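**Student:** how would this look folded up:
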Amino acid sequence: MNFVVQLSYLLAAVLFILGLKAMSSPKTARKGIMWAGVGMILATLVTFLHPAVQGVTNYILIVIAIAGAGGLAWWSGRRVGMTEMPQMVALYNGMGGGAAAAIAGVEMLRALRTLPNDLQVRAEGLAMDADISVQAAEAALRAEGAGSVGIAAALGADVAILAILGAFIGTVAFSGSLIAWAKLDGRMKRSQLVPGQQIVNIIVFALAVGFGILTFFTDSVAVVAIFFALGLLFGLFVAVPIGGADMPVIISLFNALTGLAVGFEGYAIGNPAMIIAGTVVGAAGTLLTQLMAKAMNRPITNVLFAGWGSTEGAASEGPEGEMKDISAEDAGIMMAYSERVIIVPGYGMAVAQAQHKIWEFVELLQDRGVEVKFAIHPVAGRMPGHMNVLLAEAGVPYDMIFDMEDINEEFATTDVAVVIGANDVVNPAARDDPSSPIYGMPILNVDEAENVMVIKRGRGAGFSGVENHLFFGDNTRMVFGDGQKVAGGMVQAVKGL
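**Tutor:** So this is what the prediction gives:
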């Protein structure tokens, strides 16, 4: 039976890896999700046959929990809108970290329950060998060092270390992801909870490390409880100062932390499927976090500890000139008589739910012989791949969607570049203005197109709060209004030609 269990875990791990690989491309992402889902079902079912759960009697509660959580996830997954997808990803990612931390907590409590009996047995043996009382033998064992009777003695030093690390990482990912969810959902806009937030973060982190070390040696439930509380508090505090524009990077980072925590706890309970799945997710999340930070030209430390030791930095000078607007109908007609058009979507398109109307407009342009492409910045939207998912939902073919590095050189030979709902990722100040807070961040070179049409609800700055120099360019025209209504106006204008 153990052979069957281990073989099933290996098969589940292979499905996880194949699924993750398939998710790297929009063309195969749906298939990858199915493969990974089958792997998860297999790993869950075969766990009931694992020798470690023999003797477990609460199968009914386990089945109820699985069915209830699965049903809730199915219901919420079908109801969630595309604008709420980042919040759902952050929330579910936090649940993964919380589950890993809960596993660690259960193992630690199990170890604490066995310690008194283990100490008693050892004390009785020492009392017989040394011809002393059991109480004296127990005192002698404790005097040798708390480590001889602590959690490490019950779990083993290697398992205890990984369980403690997994518990801390999991609690941080859990509470941090909840803050990310609250910020993405507009429920929290604060940049600090207490004065000197970054200093407080360092103090809480130091305390958590200290209690983590105590947990390794302890036989006290109170010490373990304080350690978990400090982990939750640190995750909350570290996520609060992070701005909304950095949320794609932070979601990816917390995803990596969740995978790492799952891998550590898999080792702690001897579950190969958890070890492999957690390691793969942790590695993939770490790589994605690095790539996204690189796309913003910012180190992870800057994202996490922005403003530490200094002010936010010099504000960039306001752009010269003024915004020049144009009607949706005139913008549509101009594109209808163009040869090449590149569309740059952003989160504003998701908010307006304009992707279907945009695709309808693109089809009309293609019928007139216009070459149309979509350009995606790595951090467009509120989570990694947000715009790709949004366009796929509208039916945009994958071969029309291009990453920044693949299409940036084409803007210079493009008749019209259309920006709908994007802001900071097309701001020329990031390339040309050293005084700008976003200077150095790679952008889509929209301003190099012959004509630029910016579809925008109002005249405000982007999520970073930085004024966009693109909006004031000589070749830029602003199409103010709701994205879906503007796209509808362009559709009607082309149909009327």
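**Student:** Could you pull out the helices in the stretch 151-300 of the chain for me?
**Tutor:** Remark: helices assigned in the stretch 151-300 of the chain by DSSP state H, counting those that start in this stretch are 151-155, 157-184, 197-217, 221-239, 247-269, 272-295, 300-304.
**Student:** Comparing those helices, which comes out most buried?
**Tutor:** Counting by mean count of other C-beta atoms under 10 Å, helix 247-269 has the highest mean neighbour count of the helices of the stretch 151-300 of the chain, with a mean of 26. To be clear about C-beta, it is placed using only N, CA and C from the backbone, and glycine gets the same treatment.
**Student:** Against which helices or strands is that helix packed?
**Tutor:** helix 85-130, helix 157-184, helix 272-295, helix 300-304 (3 or more C-beta pairs under 8 Å, 6 or more residues apart in numbering; DSSP states H and E).
**Student:** Among those, single out whichever gets nearest to residue 35.
**Tutor:** helix 272-295 (12.6 Å; C-beta to C-beta).
**Student:** How about residues contacting that closest one?
**Tutor:** Helix 272-295 is touched from outside by 6, 9-10, 12-13, 16-17, 20, 39, 43, 100, 248-249, 252-253, 255-267, 299-300, 303, 377-379, 384, 404, 441-442, with contacts defined as C-beta atoms under 8 Å, 6 or more residues apart in numbering.
**Student:** I figured residue 338 was touching residue 416, is that so?
**Tutor:** Yes. Contact criterion C-beta atoms under 8 Å: residue 338 and residue 416 qualify, at 5.0 Å.
**Student:** Tell me which of these two has more neighbours.
**Tutor:** Using other C-beta atoms under 10 Å as the criterion, residue 338 and residue 416 rank with residue 416 on top: 25 against 19.
**Student:** Surely the more buried one and residue 450 touch.
**Tutor:** Yes. Assessed by C-beta under 8 Å, residue 416 is found in contact with residue 450 at 7.2 Å.
**Student:** Tell me the predicted confidence for residue 325.
**Tutor:** At residue 325, the pLDDT value in this model is 90.
**Student:** Ignore what I typed, I meant residue 271.
**Tutor:** Per-residue confidence for residue 271 comes out at a pLDDT of 80.
**Student:** So what does it look like in phi/psi?
**Tutor:** phi -110, psi 100 (degrees, to the nearest 10).
**Student:** Please shift the residue numbers so they start at 241 in all later answers.
**Tutor:** Got it, first residue is 241 now, which makes that one residue 511.
**Student:** for the helices and strands packed on helix 487-509, which one sits closest to residue 712?
**Tutor:** helix 512-535 (24.8 Å).
**Student:** between the closest one and helix 397-424, how big is the angle?
**Tutor:** Here the directions of helix 512-535 and helix 397-424 differ by 50 degrees (axes from the mean of the first three to the mean of the last three C-alpha atoms, to 10 degrees).
**Student:** Can I get helix 512-535 in PDB, CA atoms only?
**Tutor:** Provided in PDB are the C-alpha atoms of helix 512-535 (Å, rounded to 0.1, in the frame of the first residue of the first chain):
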ATOM      1  CA  PRO A 512       6.600  13.900  -1.100                       C
ATOM      2  CA  ALA A 513       3.700  15.500  -3.100                       C
ATOM      3  CA  MET A 514       3.800  18.600  -0.800                       C
ATOM      4  CA  ILE A 515       7.600  18.800  -1.000                       C
ATOM      5  CA  ILE A 516       7.600  18.700  -4.800                       C
ATOM      6  CA  ALA A 517       4.600  20.900  -5.400                       C
ATOM      7  CA  GLY A 518       5.700  23.500  -2.800                       C
ATOM      8  CA  THR A 519       9.200  23.600  -4.200                       C
ATOM      9  CA  VAL A 520       8.000  24.000  -7.800                       C
ATOM     10  CA  VAL A 521       5.600  26.800  -6.800                       C
ATOM     11  CA  GLY A 522       8.200  28.500  -4.700                       C
ATOM     12  CA  ALA A 523      10.800  28.400  -7.400                       C
ATOM     13  CA  ALA A 524       8.300  29.600 -10.100                       C
ATOM     14  CA  GLY A 525       7.000  32.300  -7.800                       C
ATOM     15  CA  THR A 526      10.500  33.500  -7.000                       C
ATOM     16  CA  LEU A 527      11.500  33.600 -10.700                       C
ATOM     17  CA  LEU A 528       8.300  35.500 -11.600                       C
ATOM     18  CA  THR A 529       8.800  38.000  -8.700                       C
ATOM     19  CA  GLN A 530      12.400  38.700 -10.000                       C
ATOM     20  CA  LEU A 531      11.200  39.100 -13.600                       C
ATOM     21  CA  MET A 532       8.400  41.500 -12.500                       C
ATOM     22  CA  ALA A 533      10.700  43.500 -10.300                       C
ATOM     23  CA  LYS A 534      13.100  43.700 -13.200                       C
ATOM     24  CA  ALA A 535      10.300  44.900 -15.500                       C
END
